[in-house]
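S.K.: here are the coordinates; sequence isn't available:
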Ligand SMILES: Nc1ncnc2c1ncn2[C@@H]1O[C@H](COP(=O)(O)OP(=O)(O)OP(=O)(O)O)[C@@H](O)[C@H]1O
């Protein structure tokens with residue numbers, strides 16, 4: 001598959017038009033899916049099972065027998081001291097590195113809490129990750145270019161591009177960027193709006209799991225409150241796992257939390273507020 005890097009993909013005008021025309025159906029699809037999931041009581045969980053990780057060529061494990069289970073559409077938070085291995089775990093979940101042993105899977109459960117089918121590996125392309133200070137990696141001159149950077153551009157990819165264009169409009173609305181022209185320079189946005197853009201870029205790919213590394217770091221109090229409010233909204237439709245030191249501000253969102261101890265040992269634990 002070919003991607004366009006840095007330059008606008010062919011047919012942007014059309015992309016905007018498709019998106020504008022097809023928003024209602026995109027919303028309908030999302031709303032219908034969420035209602036269906038609420039009324040059925042079977043559910044899936046993203047699970048890390050006894051994962052160890054030792055970077056190639058090193059002697060020590062950065063993660064030791066890490067296990068966790070995060071139910072779909074819930075908000076998990078991992079806290080712990082600097083250097084304990086939190087970001088390393090996010091990278092494994094995003095497929096950026098491979099566990100030395102153990103597995104990362106999606107498991108479906110039935111009414112009775114028992115697995116209904118064999119677990120499936122969590123596909124890296126279904127995981128979105130927003131790194132610390134994502135605005136440092138913005139490359140394009142407009143919000144639209146930033147959001148479509150890396151999209152497939154070949155003729156054969158028309159259907160995929162069309163789907164991405166639909167998702168784009170949904171993502172822009174979800175993060176509240178719809179009040180801003182997509183021709184704006186991403187670098188000129190406020191801190192909070194830069195984070196919104198970073199989230200929207202990931203939402204276009206309709207992730208099954210959204211990973212956020214220190215989403216409030218470096219923001220002023222108003223932008224922090226803004227991002228917390230946005231995450232509260234996104235939580236209704238998404239499974240979110242956050243690494244953060246900002247426990248108090250995020251506490252109202254958290255369904256489950258873990259402490260990462262030095263040596264990469266993860267324990268489920270309530271937030272120490
Ligand atoms: N590829 C690597 N090879 C060797 N050591 C590494 C590698 N990547 C990370 N580390 C080390 O692993 C440890 C865990 O790093 P990690 O970034 O996951 O910690 P963290 O808990 O996210 O810290 P912080 O809260 O400061 O972001 C650190 O001591 C780091 O220096």
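M.R.: Happy to help now that I have it. Not measured: the values here are computed from a predicted model.
S.K.: Could you pull out the strands in this structure for me?
M.R.: With DSSP state E applied, the chain shows strands at 43-53, 63-71, 75-80, 101-109, 120-121, 127-130, 209-213, 240-243, 256-261, 265-268, listed in chain order.
S.K.: what's the model's confidence in the first one, averaged?
M.R.: If I follow you right, that is strand 43-53. Computed over strand 43-53, the mean pLDDT rounds to 97.
S.K.: now the shortest one
M.R.: For strand 120-121, mean pLDDT rounds to 96.
S.K.: strand partners of it, parallel vs antiparallel please.
M.R.: Within its sheet, strand 120-121 is paired with strand 101-109 (antiparallel), according to DSSP bridges.
S.K.: what is the mean pLDDT for the strand it pairs with?
M.R.: Confidence for strand 101-109, expressed as mean pLDDT, is 97.
S.K.: what does it contact?
M.R.: Defining contact as Cβ atoms under 8 Å, 6 or more residues apart in numbering, one finds that strand 101-109 is touched by 42-52, 65-67, 69, 92-93, 115-117, 119-122, 208. To be clear about C-beta, it is placed using only N, CA and C from the backbone, and glycine gets the same treatment.
S.K.: export the strands of the chain to CSV and tack on distance to the ligand and mean neighbour count?
M.R.: As requested, the strands of the chain are arranged in CSV below (distance: least, Cβ to the nearest ligand atom, whole Å; neighbours: other Cβ atoms under 10 Å):
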stretch, distance to the ligand, mean neighbour count
strand 43-53, 9, 19
strand 63-71, 8, 19
strand 75-80, 6, 22
strand 101-109, 16, 17
strand 120-121, 22, 10
strand 127-130, 13, 21
strand 209-213, 7, 23
strand 240-243, 6, 24
strand 256-261, 6, 19
strand 265-268, 11, 16
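S.K.: Just put those strands in TSV and tack on distance to residue 173.
M.R.: Conversion of the strands of the chain to TSV gives the following (distance: least, Cβ to Cβ, whole Å):
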stretch	distance to residue 173
strand 43-53	26
strand 63-71	26
strand 75-80	21
strand 101-109	27
strand 120-121	30
strand 127-130	17
strand 209-213	17
strand 240-243	18
strand 256-261	28
strand 265-268	35
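S.K.: Near residue 73, how many other residues are there?
M.R.: By the measure other Cβ atoms under 10 Å, the count of residues near residue 73 is 17.
S.K.: so what's it up against?
M.R.: By Cβ under 8 Å, 6+ apart, the contact list for residue 73 reads 37, 235-239.
S.K.: just for this protein, where's the confidence low?
M.R.: Under the criterion pLDDT under 70, the flagged ranges of the chain are 1-40.
S.K.: Return the residues of it in contact with the ligand.
M.R.: For the chain, the residues found near the ligand under the criterion Cβ under 6 Å from any ligand atom are 55, 58, 62, 82-88, 260.
S.K.: Which of those are buried? Put it as a PyMOL command.
M.R.: Selecting in PyMOL just the buried members of the residues of the chain next to the ligand, where the criterion is 16 or more other Cβ atoms under 10 Å, is done with this command:
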select buried, resi 62+84+85+86+87+88+260
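S.K.: Distance to residue 212 for the residues of the chain next to the ligand - can I get that in TSV?
M.R.: Written out in TSV, the entries for these read as follows (distance: Cβ to Cβ, whole Å):
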residue	distance to residue 212
55	23
58	27
62	20
82	17
83	19
84	17
85	17
86	11
87	11
88	15
260	15
